[in-house]
Structures are given as structure tokens and as C-alpha cells.
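Enquirer: What shape does this take:
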Amino acid sequence: MKLNHVALVCSSEQRADDFYEGVLELRKIKSSVVSSELCRQIFDIDNECRILVYGNGLFTVEVFLATPAPGRQTSFDHICVEVKNIEEFVNRCEAMQVEVNRVPKGDRLLTFVKDYDGNIFEIKDMTGTE
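Expert: Here you go, the predicted model:
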């Protein structure tokens with residue numbers, strides 16, 4: 001297994017740039033928007049969200065620009081790992097009663113699992129096919 005990226009929440013692009021580019025000296029790789037439908041399916045949040053990606057070739061951080069609702073922490077936070085065989089991994093998760101969430105995005109499926117305490121893990125295939 002290999003760590004692919006870590007996803008965190010930041011309240012503004014300026015604060016994210018200041019920390020990730022300024023402090024960690026990572027390069028801003030891209031900016032994109034996750035639709036409200038996809039946010040609802042994956043994170044149970046009804047808003048679209050802008051994502052900034054910072055990295056240096058060895059370390060990648062997805063930063064979701066969001067502020068938590070009063071009394072609720074955002075749940076965009078997740079860890080993404082790559083596995084050798086995603087289907088075997090999903091089967092093992094199901095056998096161990098780990099919640100699996102497969103969400104269609106275009107012509108592919110995004111795969112997420114929750115650990116027993118509700119932490120979210122995005123699962124990618126090392127071959128890059130999923």
C-alpha cells in the first residue's frame with residue numbers, strides 16, 4: 001500500500017497558499033470544484049466545494065476550501081491510499097464489515113471506505129485504472 005494524498009480543510013485560499021506554499025514550500029498544482037451531488041454522495045455535505053492541490057512530487061495535499069457549520073466539523077478530511085488490487089481490497093473490507101462507498105464519476109467509480117470510527121479513506125488502484 002502507498003499513500004496517495006491527504007485531504008484537509010482550510011477556510012480560505014489565502015490561508016492555504018500562505019501555509020502550503022509559504023511554510024511547506026509546496027507548489028500549487030491545480031484548483032477544481034467538486035459538485036454538490038458528489039459532495040453529498042461521498043461526504044454527506046450538500047454544497048459544492050473548491051479544492052486546491054499542493055505538492056512536490058513526493059507529498060500531495062488536497063485542500064477543501066470550506067468553513068464548518070456551527071456545531072459541526074466538516075468531513076472532507078480523508079486519506080487516500082493506493083492498493084495493488086482494488087477489487088480484492090473491497091472484498092476484504094466487505095468481509096470485515098467495513099463500510100464501502102462506490103460513487104460513479106463519469107466513466108469510473110470512486111471508492112471510499114470508512115474505518116470503524118468513521119474516518120474516511122479513498123482507495124485508488126496502483127495501476128491507475130480506478
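Enquirer: where does residue 76 land in three-state SS?
Expert: Classification of residue 76 using DSSP: H, G, I helix; E, B strand; the rest coil returns coil.
Enquirer: so it sits right up against residue 48, yeah?
Expert: No - counting by CB atoms under 8 Å, no contact exists between residue 76 and residue 48, whose distance comes to 11.9 Å. Yep, even glycine has a C-beta here, placed from its N, CA and C like the rest.
Enquirer: Among those two, which residue is more densely surrounded?
Expert: Using other CB atoms under 10 Å, the more surrounded residue of residue 76 and residue 48 is residue 76, with 22 against 13.
Enquirer: quick one: that one from residue 58, how far?
Expert: 23 Å (CB to CB, to the nearest Å).
Enquirer: again with residue 124
Expert: Taking CB to CB, one finds residue 124 at 17 Å from residue 58.
Enquirer: The two: which has the busier surroundings?
Expert: Legend: neighbour count by other CB under 10 Å for residue 124 and residue 58, higher for residue 124 (18 against 6).
Enquirer: In three-state terms, label the residue nearest to that one when sequence neighbours are not counted for me.
Expert: Nearest residue to residue 124, sequence neighbours excluded (CB to CB, 6 or more residues apart in numbering): residue 82, at 4.8 Å. Three-state call for residue 82 (three-state DSSP): strand.
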